[in-house]
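Undergrad: Quick one: sequence plus predicted model below, questions after.
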Amino acid sequence: MVIKLKHALVLFGIIIFIGNVEGQDSVSGLYSGQDWPFAGGDWSNSRYSTLADISVETVDRLNGAWVTRLEGGASSRSTPVV
């Protein structure tokens, strides 16, 4: 009886996992590019934007928007909270 229950739980976990994986579409879940709700763009950290302003032709004209000097140790450097 215990083995059947373990098998049922494993099967249930696999079904839930497959349902989650199948539900994540990397193209249809893209944001408009106006705002990234996460630091990497989306849940899968794809860093993909649908905007066409930056391309192979325009990348050489990019400049830094701002620079700051961080005082203190490594604890002051981390992924920004969005």
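TA: Yep, it's here.
Undergrad: check contacts around the most centrally placed residue in the chain.
TA: The chain has residue 45 as the residue nearest its centroid, 2.0 Å off, counting by Cα atoms, centre = their mean. Neighbour list for residue 45: 38-39 [criterion: Cβ atoms under 8 Å, 6 or more residues apart in numbering]. Just so you know, the C-beta spots here come from the backbone N, C-alpha and C atoms, and that holds for glycine as well.
Undergrad: Can you tell me what sits against stretch 3-15?
TA: So stretch 3-15 is contacted by nothing (Cβ under 8 Å, 6+ apart).
Undergrad: how distant is it from the center of its chain?
TA: 30 Å (Cα atoms, centre = their mean, to the nearest Å).
Undergrad: how about the helices in the chain?
TA: Along the chain, the stretches classed as helices by DSSP state H are 2-23.
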